[in-house]
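In: quick check, what structure comes out for this input:
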Amino acid sequence: MPEVIQRLESIFSKFPGIGRKSARRIAFYLLDRERDEVEELSKTLLDLKDKIVRCPVCNHITEETPCRICSNPRRDDSVLCVVEDSLDVIALEKSVSFHGKYHVLGGLISPLDGIGPDDLAITSLMRRLDHVKEIILAINPSVEGDTTTFYLMRLLKDKDIKITRLARGIPIGGDLEYTDEATLANALEGRIEVSHE
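Out: Residues are numbered from 1 along each chain as shown. Model (predicted):
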């Protein structure tokens, strides 16, 4: 196989969810495309590195500073949703149910991977608390996520701020029979009272 295709295969196989066979198919797909399509792809990849920056306020990815969410006067400054990364912001924005602002940590505390609180955007979070009345900890439930959540809860406990976290439990359309034990335990723990009316 030509060396260029081998190099492309090696690069693409490093992408999440792409194995060697898929990487090879992508390389051959690009080989069959017109030159202007490949040039557009390469220009877009360079733009990704040259034009995308972190918002100095919330740490979300953006092409403008501050980002559109932080600069939007219709967003509620008093509610701050803390997430692991920008993919979480995008997912929450798709739900169209949150109208506050965000803070992106840029990862999770993971001592085994050498990631501590100083490696995350926690200092900048603490500087944003002046007008905040509620912080929603929207961090994925995992060992690292729970460690980060508990660290933040301890850090924020003396502040006059309501601390909430996303509900955990059985998704709509979920089947109890196929739900794992941890999710069932969280669903039981977070149960709500049902009205008799």
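In: could you list the domains of the protein?
Out: 3-49, 77-165, 170-197 (automatic domain parsing).
In: average pLDDT for stretch 34-51?
Out: Taken as a whole, stretch 34-51 carries a mean pLDDT of 97.
In: for this protein, which segments count as strands?
Out: 53-54, 61-62, 76-83, 100-104, 134-137, 162-165 (DSSP state E).
In: so what touches the fourth one?
Out: Contacts of strand 100-104 from elsewhere in the structure, counted by C-beta atoms under 8 Å, 6 or more residues apart in numbering, are 54, 58-60, 69-70, 75-86, 88-89, 92, 121, 124-125, 128, 134, 136. Where you see a C-beta, it was placed from the backbone N, CA and C, and this is true even at glycine.
In: how far off strand 76-83 does that strand point, in degrees?
Out: Strand 100-104 and strand 76-83 are oriented at 30 degrees to each other (axes from the mean of the first three to the mean of the last three C-alpha atoms, to 10 degrees).
In: surely Cys70 meets Glu64?
Out: No - Cys70 sits out of contact with Glu64 when judged by C-beta atoms under 8 Å, with a separation of 10.0 Å.
In: buried sites along the helix or strand of the chain with the lowest mean pLDDT?
Out: Of all helical and strand segments in the chain, the minimum by mean pLDDT, DSSP states H and E falls on helix 181-189, at a mean of 79. Of all the residues in helix 181-189, those buried under the rule 16 or more other C-beta atoms under 10 Å are Thr183, Asn186, Ala187.
In: residues in contact with it: which ones?
Out: Pro141, Arg168, Gly169, Ile170, Leu176, Thr179.
In: for the second one, which non-adjacent residue is spatially closest?
Out: Nearest non-adjacent residue to Arg168, counting by C-beta to C-beta, 6 or more residues apart in numbering: Asn186, 3.8 Å away.
In: do the same with the third one
Out: Computed as C-beta to C-beta, 6+ apart, the closest residue to Gly169 that is not its neighbour in sequence is Ala187, at 3.4 Å.
In: from Pro141, how far out is the one you found?
Out: 12 Å (C-beta to C-beta, to the nearest Å).
In: please apply the same query to Ile52.
Out: From Ile52 to Pro141 the distance is 29 Å (C-beta to C-beta).
In: go on, Cys55?
Out: Taken as C-beta to C-beta, the span from Cys55 to Pro141 is 26 Å.
In: thinking again about what came up before, to Thr44, which of the strands of the chain lies closest?
Out: Ranking these by their distance to Thr44 (criterion: C-beta to C-beta) puts strand 61-62 first, at 14.9 Å.
In: what strands line up against that closest one, and which way round?
Out: strand 53-54 (antiparallel) (DSSP bridges).
In: contact partners of the strand it pairs with?
Out: His60, Ile61, Thr62, Glu63, Thr65, Val104.
In: try it again at 7 Å.
Out: Identification of contacts with strand 53-54 by C-beta atoms under 7 Å, 6 or more residues apart in numbering yields Ile61, Thr62, Thr65.
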